[in-house]
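[1] I'd like to go over a predicted model; first the sequence, then the structure.
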Amino acid sequence: MGSGYRALCKRNKDGTFCSSPNAFAKVPFGTSKDCDSEQRAMDTGRLLIIIGLAIVLAGLLWPWISKLGLGRLPGDIAIERENVRFYFPIVTSLVLSAVLTLVFWLLNR
């Protein structure tokens with residue numbers, strides 16, 4: 001393995017990370033855990049939990065969500081033949097995209 005500059009890190013008692021006095025030191029890669037990779041793994045785990053909870057919440061709220069008419073808006077493409085059923089909710093996708101964009105924009109302000 002090569003060597004290069006990378007962050008040295010320690011875990012505090014409360015589980016957070018802090019940099020050592022020599023935040024970036026020349027150390028061989030692979031000799032100790034990289035602070036960024038541990039933090040990314042924790043962030044990925046949290047993201048997966050949040051996505052799972054959002055799916056469960058959507059499933060629980062589905063009886064009320066279906067009454068909104070999403071999926072049956074004018075402009076959604078639905079083709080039904082004898083043995084084929086094709087459905088492409090393009091207008092519903094655009095509406096959901098606009099609403100979610102607005103929500104996330106407001107949350108990040």
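    Alright, I've got the coordinates.

[2] okay, now residue 92: neighbour count?
    17 (other Cβ atoms under 10 Å). Where C-beta positions appear, they are placed from N, C-alpha and C, glycine not excepted.

[3] in what helix or strand does it lie?
    Residue 92 is located in helix 90-107, with elements delineated by DSSP states H and E.

[4] now what about that helix, what contacts it?
    70, 71, 73, 74, 75, 76, 77 (Cβ atoms under 8 Å, 6 or more residues apart in numbering).

[5] tell me the buried residues in that helix?
    91, 92 (16 or more other Cβ atoms under 10 Å).

[6] mean confidence score for it?
    In this model, helix 90-107 has an average pLDDT of 92.

[7] doesn't residue 67 belong to a helix?
    Yes: assessed by DSSP: H, G, I helix; E, B strand; the rest coil, residue 67 belongs to a helix.

[8] hmm, back to that, got the contacts of helix 90-107 as a markdown table, with distance to residue 47, pLDDT and neighbour count columns?
    As requested, the contacts of helix 90-107 are arranged in a markdown table below (distance: Cβ to Cβ, whole Å; pLDDT from 0 to 100; neighbours: other Cβ atoms under 10 Å):
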| residue | distance to residue 47 | pLDDT | neighbour count |
| --- | --- | --- | --- |
| 70 | 25 | 76 | 15 |
| 71 | 27 | 77 | 14 |
| 73 | 30 | 87 | 15 |
| 74 | 35 | 90 | 5 |
| 75 | 32 | 91 | 10 |
| 76 | 30 | 91 | 15 |
| 77 | 32 | 91 | 10 |
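
[9] filter those residues down to the ones in strands?
    Counting by DSSP state E, the part of the contacts of helix 90-107 found in strands is residue 77.

[10] farthest pair in the contacts of helix 90-107?
    70 and 77 (14.7 Å; Cβ to Cβ).

[11] need the longest helix for the chain.
    In the chain, taking DSSP state H as the definition, the longest helix is helix 35-60.
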